[in-house]
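Colleague: What follows is a predicted protein model with its sequence.
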Amino acid sequence: MTMRVSIERKVYPRRGEAPARVLFEDLSFELADGEVCAIVGSSGIGKSSLLQIVAGLDREFEGVITDLPQPVGYLFQSPRLLPWRTARQNLELVLPEQPGKAGEWLAQVGLAGAEDVYPQRLSLGMARRVALARALAVQPKLLLLDEPFSSLDDETSRDMQNLMATHVKKLRPTTLFVTHHWHEAAALAQRVMTLDGSPARIVDDQPIRQAKAAE
Ligand SMILES: Nc1ncnc2c1ncn2[C@@H]1O[C@H](COP(=O)(O)OP(=O)(O)OP(=O)(O)O)[C@@H](O)[C@H]1O
């Protein structure tokens, strides 16, 4: 099945001193099952806002999304782990029927031994891995990743990219991931869409050959 996103208009209303802003107009695209697509664009253009609309977290827009694959796994820009729960307990929340799998998932993202650590004791890279495991543990048919590799050192970023490529290859979810970097997009995606303009639209949409995720 092909998912269709068709946003006629998305407006952020006036907030205090900040005027209303038409963020998107006539922004449409389709994603085939299992397709891995990157979204690039400058800071503030609306990449995170677009993911939130696709995920159904923001319904205040004119337009329609059809044939959304379910369930959705979402890696937010910040890990958003519950601070009063350990890494394992954070994962157990999405695995209510198979709590024993939490440890397996943590091992799969290289965190064996860190199961009982609380989020404030995890580095950003480790917290992202927990968040990636949480997004994958729901066995998503649609995987949304918001800048999964930003603010990480080169080695940790490479590790995360390999993890993502491995799991996307294994689980084959339809994947939409936001990045600032073309090289990340080109390395991992089969297709790259560029957002630009005000209001923002997709100004470029091109396939990438020899994508790792597609091998
Ligand atoms: N809830 C909101 N209400 C009003 N304006 C918002 C809201 N959320 C985001 N914005 C504004 O909408 C614009 C797009 O934000 P968004 O976070 O989607 O951009 P982005 O491309 O993901 O940016 P970055 O790459 O810096 O993360 C920004 O100008 C932001 O300030």
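Modeller: Yep, that arrived.
Colleague: hmm, who's touching the biggest helix by length in the chain?
Modeller: The longest helix of the chain (DSSP state H) is helix 154-171. Counting by C-beta atoms under 8 Å, 6 or more residues apart in numbering, helix 154-171 makes contact with 36, 108-110, 125, 128-129, 132, 136, 139-140, 143, 145, 148-149, 152, 175, 177, 184, 187-188, 212-213, 215, all of which sit outside it. Using the backbone N, CA and C atoms, a C-beta is placed for each residue, glycine as well.
Colleague: Okay, helices next: where are they in the chain?
Modeller: Going by DSSP H, the chain shows helices at 47-55, 87-92, 101-108, 124-137, 154-171, 182-188.
Colleague: what's the closest of those helices to R14?
Modeller: Distances from R14 to each of those were compared using C-beta to C-beta; the shortest belongs to helix 47-55, at 16.4 Å.
Colleague: Does the closest one reach the ligand?
Modeller: Yes - using C-beta under 6 Å from any ligand atom, helix 47-55 comes into contact with the ligand via K47, S48, S49.
Colleague: The second one - nearest residue in space that isn't next to it in sequence?
Modeller: It stands for S48. Spatial nearest neighbour of S48, chain neighbours left out: D146 (5.5 Å); criterion: C-beta to C-beta, 6 or more residues apart in numbering.
Colleague: Could you give the bridge partners of that neighbour?
Modeller: With DSSP bridges as the criterion, D146 is bridged to V178.
Colleague: from the chain's centre, how far out does stretch 73-90 sit?
Modeller: Stretch 73-90 sits 14 Å away from the centroid of its parent chain (C-alpha atoms, centre = their mean, to the nearest Å).
Colleague: Report the rounded mean pLDDT for it.
Modeller: This predicted structure assigns stretch 73-90 an average pLDDT of 96.
Colleague: Would you indicate which residues of the longest helix of the chain are buried?
Modeller: For helix 154-171, burial by neighbour count (16 or more other C-beta atoms under 10 Å) applies to T156, S157, D159, M160, Q161, L163, M164, A165, H167, V168.
Colleague: quick one: contacts for R191?
Modeller: When the contact criterion is C-beta under 8 Å, 6+ apart, the partners of R191 are E35, V36, C37, A38, D205, Q206, P207, I208.
Colleague: how about the first one, phi and psi?
Modeller: Its backbone dihedrals place E35 at phi -70, psi 140, with angles given as degrees, to the nearest 10.
Colleague: Nearest residue to the residue nearest the centre of the chain in space, ignoring adjacent ones along the chain?
Modeller: Of all residues in the chain, the one closest to the mean position by C-alpha atoms, centre = their mean is L145, 1.1 Å from it. Across the structure, with C-beta to C-beta, 6+ apart as the measure, the residue nearest L145 apart from its sequence neighbours is F177 (3.8 Å).
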